[in-house]
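Q: Provided below for reference: sequence and predicted model.
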Amino acid sequence: MNLGLMFDAMVVLPSGIGLTLTLTVLSLTAGFLLSVPLAFIRAFGRPGLSLAVLAYTYVIRGTPMLVQLFLLYYGLAQIEAVRASIFWVILRDPFWCALLTFSLNSAAHTTEILCRGLQSVPKGVTEAATSLGLKRFQIARLVTFPIAFRISLPAYGNEVVGMIKGSSLASTVTLLEITGMARQMVSTTFAPYEIFIVAGAIYLSLTSIAVKAIQLLERWLSTDGHPVHRRKPRLRPALADHEITTPPLP
Amino acid sequence: MGGFTTQFVVALSVTISLALVSGCLGTAFGLFLAISKGTALPRVNAVVTAYTTVVRGVPELLIILLIYFGGTTLASKIAGRYVEVNAFTAGVIALSVVFSGYATEVFRGAIAAVPAGQTEAAKSLGLNAWQRWVFVIGPQMLRLALPAYGNLWISLFKDTALVSIVGLTDIMRVAYVGAGSLRAPLTFYLAASALYLSLTTVTLLSIRLAERRYPALGR
């Protein structure tokens, strides 16, 4: 074990964190935006449409992400029409290929997670919303989705961690994120375990932060905790003859 | 596809044997860790928790690279001459480590879900620790763990593709070589995805079958 090399790795490898986080955050965002409508279709859509979404999630979740990445990065170049089209500018760039693969992957996983959440929203809640006169879109936006999101948050946390870990695959298409930097350092120093251990520690801290953040979000969104904290201080007196009291400054 | 059909058949058997060997080893190790986490000293408990946290928080690819390249360096240092850890061995070790990390948590959760009254009843019947695990807790726990455990097998089959990066001639590697030599990446990677999809489908169907055959007791 060479401590000097480990120290070098600790200085060099964090410069890859930026790319890892960019890939992760962008693909999670794109995946989430794509998955919300897909999850609604999958849960409540017509059988034909629901089956089409299922086919998409099944194929994506049933094949390794590495194969999908290579299919996009190397495979699409085989089609002449793709190389002639304007999309080629995007598809020949490893960054966009990786981002596209990760987004499609994340969308498939998130769709299934949200779909399970949507299906476990109690029927009485939506019936109550209907009887209050809300439109279908309002029910989805104000009632079903917020409840489903809270239900699926723990599972979504796993997806976030999975995406941070999955972004290491970008190193196979020449991108220099944490794993890519580590592999490059190993090929010049021939000291595999020092450098890979440091890289692993960086990933571990990233995933731990993600897990903590999701837990905080869960607690913040949970309705059965202490709703008092989230209520605005009451300026109006509870009774008509009481004085108006201002809340003490924090 | 030229002469690559036979290569794909061989590669398929490599992928399947890699998954089966590491899955079985990982299950055994995961069971051992889950049981020791529940019963033993708090220090053992902390070590097992640290192990599962680290394994589940680090990319599988990095673990494979660490064990393949690091393993060769380590084995050479111990043996005093150059020893190469081959890709299959490194893959088996890495995937078993990953699998055991997840399996420990799955089994741990299932053990905790078996009602405490079962253990107490078994104790009052005079069963010893071994008999309690084999006849009372084990069967109930395995049934409870089955759905989550099945998902682990599906991810395991997908993770085997990563071992191709360190040069194991599995499905992914054959597709890579074929795509390069015949200049037909789309065909080869589509073939590879079809093979992986059929592997995960077979796994999924066998889990569903097992779930129907062994449903959770008392639900």
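A: That came in fine, so what should we check first?

Q: where do the helices sit along chain B?
A: Counting by DSSP state H, chain B forms helices over residues B:4-39, B:42-57, B:60-65, B:71-79, B:87-113, B:116-124, B:129-131, B:138-159, B:171-182, B:185-213, given from the N-terminal end onward.

Q: Go through those helices and name the closest to A:R141.
A: Using Cβ to Cβ as the criterion, the shortest distance between A:R141 and the helices of chain B is 31.4 Å, found for helix B:138-159. Quick note: C-beta positions are derived from backbone N, CA and C, even for glycine.

Q: residues in contact with the closest one?
A: With Cβ atoms under 8 Å, 6 or more residues apart in numbering or on different chains as the contact definition, helix B:138-159 has outside contacts at A:62-65, B:15, B:19, B:22-23, B:26-27, B:60, B:95, B:98-99, B:102-103, B:106-107, B:109-111, B:113-114, B:118, B:196, B:199-200, B:203-204, B:207, B:210-211, B:214-217.

Q: List the buried residues of it.
A: Applying a neighbour-count criterion of 16 or more other Cβ atoms under 10 Å in any protein chain shown, one finds B:140-146, B:149-150, B:152-159 buried in helix B:138-159.

Q: ok now it, how far from the chain's centre?
A: For helix B:138-159, the distance from its own C-alpha centre to the chain's C-alpha centre is 10 Å (Cα atoms, centre = their mean, to the nearest Å).

Q: could you dump that helix to CSV, C-alpha only?
A: Output in CSV follows, covering the C-alpha atoms of helix B:138-159 (Å, rounded to 0.1, in the frame of the first residue of the first chain):
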residue,chain,number,x,y,z
GLY,B,138,-35.5,-20.8,7.8
PRO,B,139,-38.5,-22.0,5.8
GLN,B,140,-40.6,-18.9,6.7
MET,B,141,-37.8,-16.5,6.1
LEU,B,142,-36.9,-17.9,2.7
ARG,B,143,-40.5,-17.6,1.5
LEU,B,144,-40.7,-14.0,2.7
ALA,B,145,-37.4,-13.1,1.0
LEU,B,146,-38.3,-14.8,-2.3
PRO,B,147,-39.6,-11.7,-4.3
ALA,B,148,-36.7,-9.4,-3.4
TYR,B,149,-34.2,-12.3,-3.7
GLY,B,150,-35.5,-12.9,-7.3
ASN,B,151,-34.8,-9.3,-8.2
LEU,B,152,-31.2,-9.8,-7.1
TRP,B,153,-30.8,-12.6,-9.6
ILE,B,154,-32.1,-10.4,-12.4
SER,B,155,-29.6,-7.6,-11.6
LEU,B,156,-26.9,-10.3,-11.3
PHE,B,157,-27.5,-11.4,-14.8
LYS,B,158,-27.3,-7.8,-16.0
ASP,B,159,-24.1,-7.2,-14.0
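
Q: I'd like the mean pLDDT over it, please.
A: The average of the pLDDT scores along helix B:138-159 is 92.

Q: OK, contacts around the residue nearest the centre of chain A?
A: For chain A, the residue lying nearest the average C-alpha position, counting by Cα atoms, centre = their mean, turns out to be A:L28 (3.3 Å). Residues in contact with A:L28, defined by Cβ under 8 Å, 6+ apart, are A:S106, A:E159, A:V160, A:M163.

Q: any chance of the residues you listed in a markdown table, with pLDDT too?
A: Listed next are those as a markdown table, based on pLDDT from 0 to 100:
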| residue | pLDDT |
| --- | --- |
| A:S106 | 96 |
| A:E159 | 94 |
| A:V160 | 95 |
| A:M163 | 95 |
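
Q: Which of those residues are buried, as a ChimeraX select command?
A: A single ChimeraX command selects the buried members of the contacts of A:L28 (16+ other Cβ under 10 Å):
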select /A:106,159,160,163
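
Q: Against chain B, which of the contacts of A:L28 make the cut? List them.
A: Applying Cβ under 8 Å from any Cβ of the partner chain to these, one finds that nothing falls near chain B.

Q: what about the residue lying closest to A:L66 once chain neighbours are set aside, distance to B:G138?
A: In space, A:L66 comes closest to B:A161 once its chain neighbours are excluded; the distance is 4.7 Å by Cβ to Cβ, 6 or more residues apart in numbering or on different chains. Using Cβ to Cβ, to the nearest Å, we find B:A161 at a distance of 33 Å from B:G138.

Q: likewise B:P215?
A: B:P215 sits 16 Å away from B:G138, going by Cβ to Cβ.
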